[in-house]
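Chemist: Using only what follows, build the 3D model:
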Amino acid sequence: MKNKTILIVDDEVVLLESMAKDLAKEHFSITKALSGEDAIALLRDNEFDLILTDLAMPGIGGIEVLKKAKQKNPLAGVIILTGYGDMASAIDALRLGADDYLLKPCDPDELILRIDSCFKKIEAFQKVKFYEKILPVCIYCKCIRDDTGVEPGNGEWKSMEEYIYQKSDTSISHGCCPECYTKHFK
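Modeler: Residues are numbered from 1 along each chain as shown. Just a heads-up that it's a prediction; the model follows:
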């Protein structure tokens, strides 16, 4: 989990520097922003594995940073930090894709535990997405499961020819490659 890139966004310099110092000790690559505006500028030009953002800041707040981060990279983790722990803002943040919500100042060990948990969640989600992109083909009859528009794993099995025709509007013509021709006919 180490060597991950983290953007920390907080308008309180002391908290920003403290979190950056604690996370740098854990071998995370840290970038700091003192405002939501600075964070969004950094998000435009850089990729981050995780964004830790204060919820309430002058100007652009943490919810807008969350939205921009997820818009650029839906797999980026976002943890919202706030000194004002109201349930409505926590629910809003989680609905918008935040991975966690913490009250600050937070214990450094708790923060690191939550960050590691967030990275494990992201890694699991990436694996699921990877496996969803694999085209399931029957090892015996070579039929293909078409999961388009349905829960992965519940699609209809179709012949390879039917699947290719439906996906690309291309008909299949059977032939024989030179290697198979040599193997079977000579």
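
Chemist: CA atoms for contacts and neighbours, from now on please.
Modeler: Will do.

Chemist: for this protein, where's the lowest mean pLDDT among helices and strands?
Modeler: Across the helices and strands of the chain, mean confidence by mean pLDDT, DSSP states H and E is lowest for helix 87-95: a mean of 80.

Chemist: ok, and for that one, which residues are buried?
Modeler: Ser89, Ala90, Ala93, Leu94 (16 or more other CA atoms under 10 Å).

Chemist: what's the closest non-adjacent residue to Lys104?
Modeler: Leaving aside its chain neighbours, Lys104 sits nearest to Gly83 (5.1 Å; criterion: CA to CA, 6 or more residues apart in numbering).

Chemist: these two touch, right, that neighbour and Pro105?
Modeler: Yes - if you go by CA atoms under 8 Å, Gly83 and Pro105 touch, sitting 7.1 Å apart.

Chemist: and for these two, which residues touch both?
Modeler: Between them, Gly83 and Pro105 share no contacting residue under CA atoms under 8 Å, 6 or more residues apart in numbering.

Chemist: Report pLDDT for the most centrally placed residue in the chain.
Modeler: Central residue of the chain (CA atoms, centre = their mean): Leu75, 1.1 Å from the mean position. In the predicted model, Leu75 carries a pLDDT score of 87.

Chemist: what's the neighbour count on the residue nearest to Lys104?
Modeler: Gly83 has 13 neighbouring residues, counting by other CA atoms under 10 Å.

Chemist: quick one, domains of this structure?
Modeler: As recorded under automatic domain parsing, the domains making up the chain are 5-130, 135-173.

Chemist: Of those, which stretch is the most buried?
Modeler: Among these, domain 5-130 has the highest mean neighbour count (mean count of other CA atoms under 10 Å), at a mean of 17.

Chemist: First-to-last residue distance for that domain?
Modeler: 22 Å (CA to CA, to the nearest Å).

Chemist: would Gln71 count as being in a helix?
Modeler: Yes - Gln71 forms part of a helix when assessed by DSSP: H, G, I helix; E, B strand; the rest coil.

Chemist: distance of it from Glu64?
Modeler: Counting by CA to CA - Gln71 and Glu64 are separated by 10 Å.

Chemist: that older thread, what is the subsequent helix or strand relative to the least confident helix or strand of the chain?
Modeler: strand 100-103 (DSSP states H and E).

Chemist: residues in contact with the one helix or strand Ile8 maps to?
Modeler: According to DSSP H and E, Ile8 maps onto strand 5-9. Contacts to strand 5-9, defined as CA under 8 Å, 6+ apart, come from residues 16, 19-20, 28-36, 39, 47-54.

Chemist: I'd like the next helix or strand past it.
Modeler: helix 13-25.

Chemist: who does the helix or strand that that next one is followed by touch, helix- and strand-wise?
Modeler: Beyond helix 13-25 on the C-terminal side, the first helix or strand identified by DSSP H and E is strand 29-33. Here strand 29-33 touches strand 5-9, helix 13-25, going by 3 or more CA pairs under 8 Å, 6 or more residues apart in numbering; DSSP states H and E.

Chemist: No further queries at this time; thank you.
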